[in-house]
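Peer 1: Sequence and predicted structure are below.
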Amino acid sequence: MNFNSELMKKLSDCFSPSGREKNIREIITEEIKDYVDEIKVDPLGNLIARKKGNGKKILFSAHMDQIGLIITHVDEKGFLRFSNVGGIHAKEIIGLSMVFDNGFQGVVCCEELKYNEKLTMSKLFIDVASTDPEFVKKNFHIGDMCVFKSEYYETPDCTVCRAADDRIGCYIQIEAIKSHPVTENDVYYVFSVQEEVGTRGAKTAGYSVNPDLAVALDVTATGDSLDGIKMDVKLGGGAAIKLMDKSMITHLDVKNLLTNLAEENNIKYQYEVLEFGGTDAGPIHMTREGIPSGVISIPTRNLHSAAEIINKNDVLECIKLLKVTAASK
Amino acid sequence: MFLKELTELSGVSGCEYEVRNYIKKKLEEIGCSYDIDKLGNVIAHNKGKKSKTIMVAAHMDEVGLIVTHIDGDGFIRFQAVGGIDPRVLNSKQVLVGDKKIPGVIGSKAVHLMSDDERGKTIPVEKLYIDIGSNSKAETEKLVSIGDYVVFVSDYVEFGDSLIKAKALDDRAGCSAILELLSMKLDADFYGVFTVMEEVGCRGAITASYALEPDLGIVIEGTVCADMPGIEEHSKSTIIGGGAALSIMDNSTVYDIDIVRSTAKIAEDNNITYQFRKSSAGGNDAGAIHKTKDGSKVMAISVPCRYIHSAVNVASKNDYNSVVNLTKAVILANQKGE
């Protein structure tokens, strides 16, 4: 299997911040609808696809949403004020271009010229490059969201894009659905909403599917750059099997299952302990009477930036690991 | 409008019985059936035309204090229940426990404060309640550890249709739901009076689990920041600006299509509304939309200045806008099969 750059570019370029996942849901539905037995959208907007079987019930989950900003005020001069949607920090976004669902753009500016350690969002604003307040009033509204503007780019071994978190998880699930293994297992692929604001979609999807085993597909940080993060995961090191993060300690049976499957099938893997963050597996493993859960993570540099970097070979290893898990006894 | 009676009752989170008893009495007068669940939520049912299950929720509890220790001289130490800014505590009149023992919150005299302490907020640990007792034994006759403490604050009408009271967050919502239930609309909805919102939306979790609503409408008293020195873009809501529609807060990203259709309903019915321009805070909607396999939610709020203090200020006009808009939303959603 080769890396499908065209598909990943389409997923990354799609505008869909938390709570506004309509566009990405439509793209994914179009990609997978001919390959699954059932497909539905739940009240929060989770897309839940099923490959039917009589065996073990397995849930895979990747989140569709991306981080962004939400407009809270449009002033008389035509400048926009905003809040963050998900993990975005004020001092990291000054000067960045943002793009709205309607294609309009703006640049994040700061009231203070000197960068201040304690800078808050209330000191920032978006300049949408218009001298006409009427134009702004007509086209930008309270509640509109915007995301990083960013151009998809590849090197021979890596991909650079916005929202690799977690469109790469969506990509992996789409590729797995299209080449789904022969199995008796009853497999649900969840494309969840609102992970970035607190893993909200996974909570209701986990409840309605009520699986025997759940595995989330999501990005993780790496310790192989110069950015100061200390951890063992590295780009090119293969699929990362999560052992722990802030939202979950991986069930040992799930850790052993994923490890044995990787060993038996010559899949390149590494273990991951993340000292911050969480995934869809967090709420899912505490659903109902409890659901043994794990995470297959995709090592990612520059997390939550306009240019997240992933290794294409790691992605292919993740797809292999997902597929053997889907077919596992 | 039941605001005067409701705000004069005590109901710190976990101890909502006075409010619950009042609501039960009113529901019986109205002739509305209700249940009380194990956590103490009151779940009233207005039967009528139904195409979906609608849960309209407001919380009965208010922020307050709880007694944690009685010291050797009979002074009472306490902790906050719910989010109280310690700036609003010193020198306030309070009532302690079921016996409503009058007390005042006190602190060290200013001339004894060190340079470091002066001009700074006095932390909760340094404050105490003085009930005029001379000894531990005397205090213990009247007060026990675990007793709840509420602010003393009369219901006062002033200015242009404004009211001052304690606990407008969220007795305003409770009053609104009682009004909606008394209208006997031919539109089915559950009026839910929840417990323990201020400590983490706990009542709403079990109430929505039982009801499995398709649509949750939360009526709240919400932050208002239209005071002097606040920049226009930081004014979360404005007194007199009408019913406040939530866009996003720490617990919920509201469905933008529902927010905009609610704004349209307000416009069509000449109801004043505003958007809540802040993503801070949270309410029962956060619990409701994530229950079981999920539901749609919206939040319609009465702006309250000085929220979570003894002196909440709100506008009767905004309150009426909230009642009218909620009514219009229920009717629009419940046209029947």
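Peer 2: It's in.
Peer 1: and the nearest residue to A:His285 once chain neighbours are set aside, what does it touch?
Peer 2: Sequence neighbours aside, A:Ser293 is the residue nearest to A:His285 in space, at 3.8 Å (criterion: C-beta to C-beta, 6 or more residues apart in numbering or on different chains). Backbone N, C-alpha and C define where each C-beta goes, glycine included. Going by C-beta atoms under 8 Å, 6 or more residues apart in numbering or on different chains, A:Ser293 touches A:Leu213, A:Ala214, A:Val215, A:Ala216, A:Met248, A:Thr250, A:His251, A:Val254, A:Ala281, A:Ile284, A:His285.
Peer 1: So which bits of chain B are right by chain A?
Peer 2: Residues of chain B found near chain A (C-beta under 8 Å from any C-beta of the partner chain) are B:214, B:231-234, B:247-248, B:253-256, B:259-260, B:275, B:277-279, B:289-296.
Peer 1: Narrow the residues you listed to those in helices?
Peer 2: Residues from those lying in helices, with DSSP state H as the criterion: B:Ile256, B:Val259, B:Arg260.
Peer 1: neighbour-wise, which of those leads?
Peer 2: Tallying neighbours with other C-beta atoms under 10 Å in any protein chain shown puts B:Val259 at the head of those, with 20 neighbours.
Peer 1: all helices of the chain, in order?
Peer 2: With no chain named, the answer covers chain A. Listed in chain order, the helices of chain A (DSSP H) span A:5-13, A:22-32, A:133-139, A:164-178, A:200-209, A:252-264, A:281-285, A:312-326.
Peer 1: wrong one, chain B
Peer 2: So, for chain B - with DSSP H - the helices run B:3-7, B:17-30, B:136-142, B:168-182, B:202-211, B:256-268, B:284-288, B:316-333.
Peer 1: export those helices to a markdown table and tack on mean pLDDT?
Peer 2: A markdown table is the format used below for those (pLDDT from 0 to 100):
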| stretch | mean pLDDT |
| --- | --- |
| helix B:3-7 | 97 |
| helix B:17-30 | 98 |
| helix B:136-142 | 97 |
| helix B:168-182 | 98 |
| helix B:202-211 | 97 |
| helix B:256-268 | 97 |
| helix B:284-288 | 97 |
| helix B:316-333 | 98 |
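Peer 1: B:Gly159: which of those is closest?
Peer 2: helix B:316-333 (10.4 Å; C-beta to C-beta).
Peer 1: Give the bridge partners for B:Gly55, please.
Peer 2: Small correction: residue B:55 is Met, not Gly. Applying DSSP bridges to B:Met55 gives these bridge partners: B:Tyr190, B:Gly216.
Peer 1: quick one: it and B:Ile219 touch, right?
Peer 2: No. Using C-beta atoms under 8 Å, B:Met55 makes no contact with B:Ile219, being 11.2 Å away.
Peer 1: and the residues of chain B next to chain A, which are buried?
Peer 2: Among the residues of chain B next to chain A, those that count as buried by neighbour count (16 or more other C-beta atoms under 10 Å in any protein chain shown) are B:233, B:247-248, B:253-256, B:259, B:275, B:277-279, B:289-291, B:293-296.
Peer 1: Count the neighbours of the residue of the stretch 51-200 of chain B found nearest chain A for me.
Peer 2: Here the stretch 51-200 of chain B gets closest to chain A at one residue, B:Lys52, 10.8 Å apart by C-beta to the nearest C-beta. Residues lying near B:Lys52 (other C-beta under 10 Å) number 13.
Peer 1: Excluding chain neighbours, what is closest to it?
Peer 2: B:Asp214 (3.9 Å).
Peer 1: List the contacts of the one you found.
Peer 2: Neighbouring residues of B:Asp214 by C-beta under 8 Å, 6+ apart: A:Pro43, B:Lys52, B:Thr53, B:Ile54, B:Ser295, B:Lys296.
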